[in-house]
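S.K.: I'll drop the sequence and a predicted model, then ask my questions.
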Amino acid sequence: MKKTISINLAGLFFHIDEDAYNQLQSYLAAVKRSMQNEHGTSEIIADIEARIAELFSERISSNQQVITSIIVEDIINIMGQPEDYNIDNENHNNTTDEHTSKNVKRLFRDKENAFVGGVSVGLGHYIGVDAIWVRLIWILLVFGLGTGVLLYLIMWILIPAANTTAEKLSMMGKPINITNIEEQVKEGFGNVKEHFDKVTEKVKQQDFNALQNKSRSFFEALSSILSIFLKFFIKGIGILLIIAGIFALITTSISFFTLGIFGVTIPGIEIESLLNTTNVPLWWMTIVLLITVIIPPLFVVFLGLRLLKTKSIFLNKKARISLFIIWMVAVLHLVVFCVLQLADFKEKAYVSKVNELPVTQNDTLFLEMSKNANYTKLTYRDIFKSDEVKVYRDHNQNKLIYGSNIRLIIRSTNDSIGSIAVEKSSRGKTYKLARERAENVQYGYTFEENTLKLDSYFTTDIAHKIRDQEVEIIVTLPKDAVLYANKNTYSFHRNYDKHQDLLKNGNEEHFLKVKSNTLECLDCSN
Amino acid sequence: MKIENTKAQMRKGVLEFCILSVLEPKDAYVAEILGTLKDAKMLVVEGTIYPLLTRLKNSGLLEYRWEESNTGPPRKYYRLTESGKLFLKELNTTWNALQSAVSIVTHNQTKQ
């Protein structure tokens, strides 16, 4: 079933179906265009229409018969292509064709054959290769360095889309002549119809405007002034949005570059991969993160452009939807990643080992932290960086995770002899895994000549990853023993009350006598 | 240089001359002129003739009158004006001279 349209051609009445109508319409338009330089074009067109009407009436038996596109095609064959109407200019055209066809090729985005923004197809036209190869390069770039996404977005914004027929032709490198325009027009019958709808819309609008002019009053003038203000206001917001969006784009890309996340190896990148539970490659996460942070400001810029009423040059509806979907996928990906990441921190396990410390009543215990020159120069635990971990190599060149999250606690006991408890803890997806990791924390101390030397660090093999490993040392001393803590223990026993640490910060380098619930200073000035 | 273009140019060059010649013995409307020209293979598609007719009319070589038709829209019957007749006579002499010149040239070429 087809819609028919009634037309008046040279005073004769015809029923013509919609396709045929569109075809005839664009044919006549093309003919008209080909004779632009001719005098009396309208007269010639009238003659042509009369001839077409004549040919139509030869082909139909009654007034009830509908003109189909077959008839129209037949008639176009008889009448000839639009450039056949052109007498003088053909010669001229043909010579210029050969000149222009070489340098006429321009870079445009091909929205009609676009996958995302038409950049690849456009580049393909420009270079003269199939778009699939360009797309392949994009994919390689994305997977190789991650810069592909950004580069694509930049090109998407900078390269204009081919909207007019002339632009489409110069995108393909075809000379802009009537045959090609006609071909292009034939390809886009749908577009022609759309154009007509727009025209009728415009006509309606004009009628409305005329009506409005007649009944213009003071209030209308006032409201128009208000609407102008509103327009300015909206445009201002648009400009602000564009500026904000571009600023956000620039800052995020700069921060990405300075963080060196763009697949460039940086010192400490191992830490990131040690934190990673899901075994997703780091560059992959980088891309996901990049997409997540770059798409929202892009949309902000787009919104700004929309408010400015400029033609939305770089985001059509399809592109917006696909961008949004890409963004959603990236965000989901991040969420899943975070959940998986957190899952490996779910269970916490403690492994504790208590050893006797041969310190009795009236003995003096000298307590100090010892460093290992291989790992660190410091015997210092920074409370703000207590989670800081580094990767070092031991003397066998094995990679080790080195941590300084060590807590020292001094307590008293009624027993006659002291003890030292080393409690190691770690986290994991399951309790078993967490316990395994805790057991694999290497921590050591030495006790010689009443001097307890505690390591200021712990190590664990790189295979165990960084999972909140901690070491807590509880030194328990019998009553009336004396403690002399080295200054370097200061940062390791900076504890809260809940830890019930008898050794208070500031009491280092003093002889302290152990009482039941406190330490009594023997050589303090007051 | 395409052969089609050259052919079309040759044909178009003499088309005005042919149209005027067709109209010399009797008045005719477009379809009739087209019939004669197409039978003689002077014209392949019809489109070319319309701008030519209008141009000849505008330069005063042709004039037309309307006549009703039973089958289709009203027809434009073209007729040579006095200056059209003179123009045709001139073209005729030129054509004859040209034709003999061309035949001499091409004949000599084939002989050699």
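M.R.: Received it, and whenever you're ready, just let me know what you need. Remember, predicted model here, so these are calculated numbers, not experimental data.
S.K.: flag every buried residue along the lengthiest helix in chain B.
M.R.: Counting by DSSP state H, the longest helix found in chain B is helix B:82-111. For helix B:82-111, burial by neighbour count (16 or more other Cβ atoms under 10 Å in any protein chain shown) applies to B:Gly84, B:Phe87, B:Leu88, B:Leu91. Where C-beta positions appear, they are placed from N, C-alpha and C, glycine not excepted.
S.K.: name the nearest residue to the residue of chain A found nearest chain B, sequence neighbours excluded.
M.R.: Relative to chain B, the nearest point of chain A is A:Gly80 (2.7 Å; Cβ to the nearest Cβ). Spatial nearest neighbour of A:Gly80, excluding adjacent residues (Cβ to Cβ, 6 or more residues apart in numbering or on different chains): B:Val45 at 2.7 Å.
S.K.: on that earlier part again, let me see the mean pLDDT of the longest helix of chain B.
M.R.: Averaging pLDDT along helix B:82-111 yields 86.
S.K.: again, but for stretch A:358-374
M.R.: 81.
S.K.: ok, back up a step: check which helices and strands the longest helix of chain B sits against.
M.R.: helix B:3-23 (3 or more Cβ pairs under 8 Å, 6 or more residues apart in numbering or on different chains; DSSP states H and E).
S.K.: please see if the very next helix or strand once past the helix it packs on touches chain A.
M.R.: With elements assigned by DSSP states H and E, the helix or strand that comes after helix B:3-23 is strand B:28-29. No: counting by Cβ under 8 Å from any Cβ of the partner chain, chain A is not contacted by strand B:28-29; separation bottoms out at 9.4 Å.
S.K.: which residues are in contact with strand B:28-29?
M.R.: Residues from elsewhere that reach strand B:28-29, judged by Cβ atoms under 8 Å, 6 or more residues apart in numbering or on different chains: B:Val22, B:Thr36, B:Glu67, B:Arg75, B:Lys76, B:Tyr77, B:Tyr78.
S.K.: pairing partners for that strand, with directions?
M.R.: strand B:75-80 (antiparallel) (DSSP bridges).
S.K.: same for the strand or helix carrying A:Ile239, what does it pack against?
M.R.: For A:Ile239, the host element (DSSP H and E) is helix A:218-259. Packing contacts for helix A:218-259, counted by 3+ Cβ pairs under 8 Å, 6+ apart, involve helix A:282-307.
S.K.: for chain A, what is the nearest residue in chain B?
M.R.: For chain B, Cβ to the nearest Cβ, closest residue to chain A: B:Val45, 2.7 Å.
S.K.: how far does stretch A:47-63 sit from the chain's center?
M.R.: 60 Å (Cα atoms, centre = their mean, to the nearest Å).
S.K.: for that stretch, buried residues please.
M.R.: Across stretch A:47-63, burial judged by 16+ other Cβ under 10 Å covers A:Asp47, A:Ile48, A:Glu49, A:Ala50, A:Arg51, A:Ile52, A:Ala53, A:Glu54, A:Leu55, A:Phe56, A:Ser57.
S.K.: assign the fourth one to helix, strand or coil.
M.R.: In other words, A:Ala50. Secondary structure, DSSP: H, G, I helix; E, B strand; the rest coil: A:Ala50 is helix.
S.K.: for the nearest residue to it once chain neighbours are set aside, give me its contacts.
M.R.: Distances taken as Cβ to Cβ, 6+ apart put A:Ala10 closest to A:Ala50, at 3.9 Å, once the chain neighbours are dropped. When contacts are counted by Cβ under 8 Å, 6+ apart, A:Ala10 touches A:Ala46, A:Glu49, A:Ala50, A:Ile52, A:Ala53, A:Glu54, B:Pro73, B:Pro74.
S.K.: one more time with 7 Å, if that's ok
M.R.: A:Ala10 sits next to A:Glu49, A:Ala50, A:Ala53, B:Pro73 when contact means Cβ atoms under 7 Å, 6 or more residues apart in numbering or on different chains.
S.K.: now swap in B:Leu23 and tell me
M.R.: For B:Leu23, counting by Cβ under 7 Å, 6+ apart, the contacting residues are B:Tyr78, B:Arg79, B:Leu80.
S.K.: same question, A:Lys346
M.R.: Neighbouring residues of A:Lys346 by Cβ under 7 Å, 6+ apart: A:Lys429.
S.K.: what's the answer for B:Glu16, then?
M.R.: By Cβ under 7 Å, 6+ apart, the neighbours of B:Glu16 are B:Leu52, B:Leu56.
S.K.: pull the number of nearby residues for residue 76.
M.R.: Let's take chain A. A:Ile76: 20 surrounding residues under other Cβ atoms under 10 Å in any protein chain shown.
S.K.: wrong one, I was asking about chain B
M.R.: If you count neighbours by other Cβ under 10 Å, B:Lys76 ends up with 19.
S.K.: for B:Phe17, same thing?
M.R.: Residues within reach of B:Phe17, counting by other Cβ under 10 Å, total 15.
S.K.: assess the claim that it and B:Trp95 are in contact.
M.R.: Yes: taking Cβ atoms under 7 Å as the definition, B:Phe17 is a contact partner of B:Trp95 at 6.2 Å.
S.K.: how far does stretch A:515-522 sit from the chain's center?
M.R.: In terms of Cα atoms, centre = their mean, the centre of stretch A:515-522 is set 61 Å apart from its chain centre.
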